[in-house]
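*Asks:* Sequence plus the predicted model coming up.
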Amino acid sequence: MPLSEGDCLNAYASFTQFNYGEKYVSRWGGTGGVFYGHIGYKPKNSKFMPYIALQSANYEGLKEPITGLDFGLNYFVSGHNAKVTLEYHQVTGDFRDVPASVQVDGKMQQVRLQTHIFL
């Protein structure tokens with residue numbers, strides 16, 4: 001959403017209730033509620049947009065909620081046709097598929113570098 005001449009706000013929020021069966025939990029989801037929120041801001045005359053995202057999942061089959069936190073920086077090389085993203089990603093409360101070698105203080109942490117090219 002443009003805020004004024006050249007700067008913009010990117011925001012998204014959702015709540016989803018999944019029902020895959022009683023206390024169902026799989027590698028990628030489960031029965032229960034999931035909140036996701038994302039907000040970013042691109043200043044005027046800049047090719048950079050910092051952002052932060054939060055996800056919280058409360059699945060019936062797990063004792064504790066799973067929480068994900070992302071914050072990063074988009075660099076728009078050519079508008080939305082080409083961009084590079086550097087992101088810090090952290091998950092707490094869910095280690096079903098996480099090797100001990102990537103856990104730090106009970107959290108799974110990653111630094112991600114992504115590209116997006118639209119032809």
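*Replies:* Received it, and whenever you're ready, just let me know what you need. Residues are numbered from 1 along each chain as shown.
*Asks:* Name the helix or strand for the closest residue in space to residue 5 that isn't next to it in sequence, please.
*Replies:* Taking CB to CB, 6 or more residues apart in numbering, and ignoring the residues beside it in sequence, residue 5 has residue 44 as its nearest neighbour in space, at 6.7 Å. Bear in mind the C-beta positions are built from the backbone N, C-alpha and C, glycine included. Under the criterion of DSSP states H and E, residue 44 resides outside all helices and strands.
*Asks:* same thing with residue 75?
*Replies:* Of the helices and strands defined by DSSP H and E, residue 75 is found in strand 66-78.
*Asks:* Residue ranges in this protein under the pLDDT threshold?
*Replies:* Within the chain, the segments meeting pLDDT under 70 span 95-104.
*Asks:* where exactly do the strands run in it?
*Replies:* Using DSSP state E, the strands of the chain run over residues 8-18, 32-42, 48-59, 66-78, 82-92, 103-104, 107-117.
*Asks:* just to revisit the earlier point, how close does the residue nearest to residue 5 get to residue 82?
*Replies:* 20 Å (CB to CB, to the nearest Å).
*Asks:* Looking at these two, which is more packed in?
*Replies:* When neighbours are counted by other CB atoms under 10 Å, residue 82 comes out ahead of the other of residue 44 and residue 82, with 14 against 10.
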